[in-house]
Each structure stands twice: as structure tokens, then as C-alpha cells.
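**Student:** here is a sequence together with a model predicted from it:
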Amino acid sequence: MTDAQEGFRGWFAARKGVWSRLRFTSLRLRLVVVFGLVALTAAVSASGIAYWLNREAVLRRTQDAVLRDFEQEMQNRAGLLPPEPTQDELQHTAGQMANSSQRFSVLLVAQDAGGKPVYSSSGGLDGFTLTDVPKSLRTAVNEKQTDSDGKSEYHLYWQRIVEDDTPYLIAGTRVNGGGPTGYMLKSLEQEAKDLNSLAWSLGIATGLALIGSALLAQAAATTVLKPVQRLGAAARRLGEGKLDTRLLVSGTDELADLSRTFNNAAEALEKRVADMASRDESSRRFVADMSHELRTPLTAITAVTEVLEEELEAESGSMDPMIEPAVRLVVSETRRLNDLVENLMEVTRFDAGTARLVLDYVDVADQITACIDARAWLDAVDLDAARGLMARLDPRRLDVILANLIGNALKHGGSPVRVAVREADDSVVIEVRDHGPGIPEDVLPHVFDRFYKASASRPRSEGSGLGLSIALENAHIHGGEITAANSPEGGAVFTLRLPRDASELAEQTNGNGGNGANGKDADGAKNAKKGDA
């Protein structure tokens, strides 16, 4: 196939696609087409009926006048001829008959005294001849018909013919009681011209009716569709979050009722969203205030628990063995409560949109090593990362993500946990894989949900249920993503994908009124061997 053919096929396909979209999506076009088809059908039907009725009326009026005149001429002139007329007598009579008011050609046929046929035409030798008369008409004219009273006589017969695209009326009869046979030929060219003029007039009227119907359909479509278009535009604005969108209502028709219904629905939606936003803001403010207020007593409690923990670790063994389990429980629960408050404050910052990035160039391998070393996970984690892979990220938030992913793998999957780093396009991909039983399929969609725990029968565990959620939020603020899946070889795989340079996103995030809150590591340095689910 040549380039020209290929180009034509592409052009035709594009045009076909445009027409298909117009045909199936444009209500205005469909309305105009339907109006046009209805008007065309009505106009063509009316024009056809009018043309047929006028054609029959014109032809019948002309035909009746000509036949009546011809029949009278046959009775008044041909009937006076002798039974065996001469050529001159026939010629003279034919000429007189042709000079009647209808101006038709006449052919007279008779027999002379010797029994030979005699022919005379009003037009002479080159005029109307017997060969111009159809054989069926000649047979009918020369056949006697018996009337109801028993008398046999000849009748008048006629026929319409077309020669050289010109219509003619031809008729014939025979004088009753003996006499010549007469034939008449009348041109209907003038009547045909009149009918053609009528057809053109009706065609023009049909075209004007079609154009008028299209204009009428356009006006009707504009009248009907303009409110629908306004409604569609308002619905789009409402979908974009502009809840104060309202329609101007005028009239009492169905479209006005639809506009009123839309306004009522939009008003109810705006009120509902405002109430929900108010409640959500109150909830966030309550959590933030509660977390903030808890920090003061928690600071004192933490100081006391640190003293108690030092007493537990002292070699003197001065603590009463009876209260040692209770002290250990207080220490662990205080640490857990402290982490929960810090996590709640971090979540509140994300919800309020006040979290921001503090970027720096980091070696990804060194950052992972530092995270593992700070939590004493070196013996439990296998790191597969090449040095020198630099990225512009927030080191603290990257540490939070890694701490939660690796800690979660250690707690639920067991060691060894394998951490692999690779470069993909302009992104850094970090995979954290454990060798545990994997994540149940019904749990996979919810692993990043806040406070979600796989076992409802074990609502109390070391984790708060916020770690993975906070890790995902920290990935999102970088413009990255975290996905969870099960490895075919067994165990769960968490894949972290971060951009090599988050500067552009940081400018957008920090320009939205970020307050520079830094938060705290999800697990904390003192929770070195405890991941957070």
C-alpha cells in the first residue's frame, strides 16, 4: 500500500471517528436530524400527493376537452360524408375537423366505390398516418360493441403514448351506421411543461420546508438544550468541589423543576460537606490537642520509668522480685503510649497538610545502614545495596519509612529480612522482603489502613497500627509509593519507590503553609528491637 493510500485511509478513519462522535454524542445534531427527517418526509409526501392530484386533474381536463371536441367533429362533419367518399372529400373534411378549437391532427379512413381503402390526413402526406396509431387501438376502434338495448355500434377509444420524449393523446372512433373511421393525435407537450414547472415548484417548496425545519430544530434545540448545557456545566463545577454552584431558575416547566432540584441537592450537599468538614476539623483538633496535652504528663512518667528501668538493669538487684514484673509492664506500656502519642501527632500533621520536607542529598545505602545500625538490626537484616546511589530526599522521613518497613518485616516475618536497592529510571526502588508466612489475601488491601490489625481476636499488640500508614504518608509526601505483595518464594515483599529528586514536590508542599513540624521516628531509638505494624 502506497503512502498516499495509507494517508487517505487515516484521513477517512479520522473523519469517520469525528462523524461517529457527532452522531452518537451530539443531542443537538440528533434533534436537528430528526426534525429534518420528519419535515422531509412530510414535505415529500405532501408534494408527491399534490403533484399526482394536479397531474391527473390537468391531464383529465385536457383529455376530456379534446375527446369531446373530436367526438363532436366526427358526428357533425365525418357523419355527413357519403358512404363511399372520395379522396378529396376526406381531405377536405379532415382539414375542417383539424381547425377545431383544440387544434389536433386528424386521420380519416374510408373505402371508395371500388372497395379500395382511402386515407386522408389533415397534415398531408407527411402528417398523421395510420402507422402512428397503435395496433391495439385500431383493433378496438373497428370492433362493434353491443349496448344494453341490443344495438351494436362503435365507441370512442383513446390512449396516451410518448414519442421522442413528447407525450401525445391519440383517440379513434367510427361513424355509426356506416361511414369513415377517424383518428385524432393531440400533443400534450404544453401540459408536460406545466407539470414540470409544478414539480420544480414543489421541489423548491420541499427544500425551503427542509431548511425551515432545520432552522426551527436549531432554535428548538437551543431553547431546550441550553438549560441542559447549563445544568451539565454546573454539575461539572460541583464535581470539581465548587459546592456553592447554583442555577438561575426561570419558568415553570420540567427543566425549571430540574434546576430547582439541582439547586436543592447542591445546597444539601454543601451543608453536609460543611458539617463533615467541621466535624473532621474538630476531630483533628481534638487529637492534636489531646496528643499535645498528653506529652507533658508522659514526659514525667517517661522520666520515672527510665529510673525504674535503670534499677531493673542494675547489678545490685535491689528491686523486690515481686514487683519486678509490674515495673517491666509499666516501662513497656509507657514506651508504647509515648510512641502512640507521637504517631498520632504525626498523623495529625499529615491530615492538616502541615507536614513538610527538609531535603538533603543522601547516599541511600548509607541511610539504610544507619537506620539498621541505630536499631541494632545488623544481625537480622541482609542488605543488598551499592554505595554511591545518591538521592535528594528528606533523611528523617526516609528513616521513618525504613524503620517501619524493616521493623514490620522482623516482627511478622522473622529474620533474616532482605533489603535490596536498585535504580529504575529517575526513581529509587527499595524492596523489603521477609521469610515469614506472607500476608493473607484478604488482609493485603488493608495493610496500610490506620489502626488495622489482621487478627480481630488480638486487638492488643506491641504496634499501634499506625506505622505502615505513616510510612505510606511519608512516601506520598515525597511523590513516591509503597506497595505490598507476597513473594512466589514465600514471605511478604514491601516495595518502596521514591524519586531521585523530590525538590519540585517539596516546593509545592512547603509552599502550602507547612510549619516545619518534624515528628519522631515511628519506632524510636529506644525501641530498637520492636517494629511497628
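**Tutor:** Structure received.
**Student:** quick check: next helix or strand after the worst-scoring helix or strand of the chain on mean pLDDT?
**Tutor:** Least confident helix or strand of the chain, by mean pLDDT, DSSP states H and E, is helix 3-25 with a mean of 52. Moving toward the C-terminus from helix 3-25, the next helix or strand (DSSP states H and E) is helix 27-76.
**Student:** tell me the secondary structure for Leu247?
**Tutor:** Secondary structure, DSSP: H, G, I helix; E, B strand; the rest coil: Leu247 is coil.
**Student:** wait, it sits on Arg230?
**Tutor:** Yes - contact criterion C-beta atoms under 8 Å: Leu247 and Arg230 qualify, at 6.2 Å. Glycine gets a C-beta too; all of them are placed from N, C-alpha and C.
**Student:** mind checking which of those two has more residues around it?
**Tutor:** More crowded of Leu247 and Arg230, by other C-beta atoms under 10 Å: Leu247, with 20 against 15.
**Student:** for that one, which non-adjacent residue is closest in space?
**Tutor:** Take Leu247 and drop its neighbours on the chain: the residue closest to it by C-beta to C-beta, 6 or more residues apart in numbering is Ser259, 4.3 Å away.
**Student:** may I have the secondary structure class of the one you found?
**Tutor:** Assigned with three-state DSSP, Ser259 falls in the helix class.
**Student:** test my guess that it contacts Gly232.
**Tutor:** No - counting by C-beta under 8 Å, Ser259 does not reach Gly232; the two are 11.9 Å apart.
**Student:** neighbour count for these two, which is higher?
**Tutor:** For the pair Ser259 and Gly232, the greater number of neighbours falls to Ser259 (21 against 11), based on other C-beta under 10 Å.
**Student:** residue contacts, that one?
**Tutor:** By C-beta atoms under 8 Å, 6 or more residues apart in numbering, Ser259 lies in contact with Pro227, Arg230, Leu231, Leu247, Leu248, Val249.
**Student:** show me where the chain has its strands.
**Tutor:** 105-111, 117-121, 145-146, 152-153, 157-163, 166-174, 181-187, 360-363, 381-384, 390-393, 417-424, 427-433, 481-486, 492-499 (DSSP state E).
**Student:** okay if I get these as TSV plus mean pLDDT and distance to Ala370?
**Tutor:** Formatted as TSV, these follow (pLDDT from 0 to 100; distance: least, C-beta to C-beta, whole Å):
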stretch	mean pLDDT	distance to Ala370
strand 105-111	85	122
strand 117-121	82	127
strand 145-146	74	127
strand 152-153	68	132
strand 157-163	86	107
strand 166-174	88	108
strand 181-187	88	114
strand 360-363	91	9
strand 381-384	90	11
strand 390-393	91	13
strand 417-424	91	13
strand 427-433	92	14
strand 481-486	92	20
strand 492-499	92	16
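**Student:** go through these and name the closest to Glu313.
**Tutor:** Nearest to Glu313 among those is strand 381-384 (25.8 Å), distances taken as C-beta to C-beta.
**Student:** show residues contacting the closest one.
**Tutor:** 365, 368-369, 372, 406, 410, 415-421.
**Student:** these, buried ones only, as a PyMOL selection?
**Tutor:** Entered in PyMOL, the line below selects the buried ones among those, by 16 or more other C-beta atoms under 10 Å:
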select buried, resi 365+368+369+372+406+410+417+418+419+421
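**Student:** from the contacts of strand 381-384, pick the one nearest Gly114.
**Tutor:** Closest approach between the contacts of strand 381-384 and Gly114, by C-beta to C-beta: Ala420, at 131.3 Å.
**Student:** burial count for Ala39?
**Tutor:** 19.
**Student:** my read: it touches Ser213, true?
**Tutor:** Yes - look at Ala39 against Ser213 with C-beta under 8 Å: they come within range, at 3.1 Å.
**Student:** OK, contacts around Ala43?
**Tutor:** Contacts of Ala43 by C-beta under 8 Å, 6+ apart are Ala205, Thr206, Ala209, Leu210.
**Student:** not counting sequence-adjacent ones, nearest residue to the third one?
**Tutor:** The spatial neighbour of Ala209 that comes closest, neighbours along the chain excluded (C-beta to C-beta, 6+ apart), is Ala43 at 4.2 Å.
**Student:** any idea how far Gln159 is from Leu195?
**Tutor:** Distance of Gln159 to Leu195, given as C-beta to C-beta, to the nearest Å: 19 Å.
**Student:** what bridges to the closest residue to Leu107 other than its chain neighbours?
**Tutor:** Leaving out its chain neighbours, the residue that sits closest to Leu107 by C-beta to C-beta, 6+ apart is Tyr183, at 4.2 Å. When bridges are called by DSSP bridges, Tyr183 pairs up with Leu107, Gly172.
**Student:** quick revisit: look at Gln159 and Leu195 and report which has more neighbours.
**Tutor:** The neighbour comparison of Gln159 against Leu195 (other C-beta under 10 Å) goes to Leu195, with 17 against 14.
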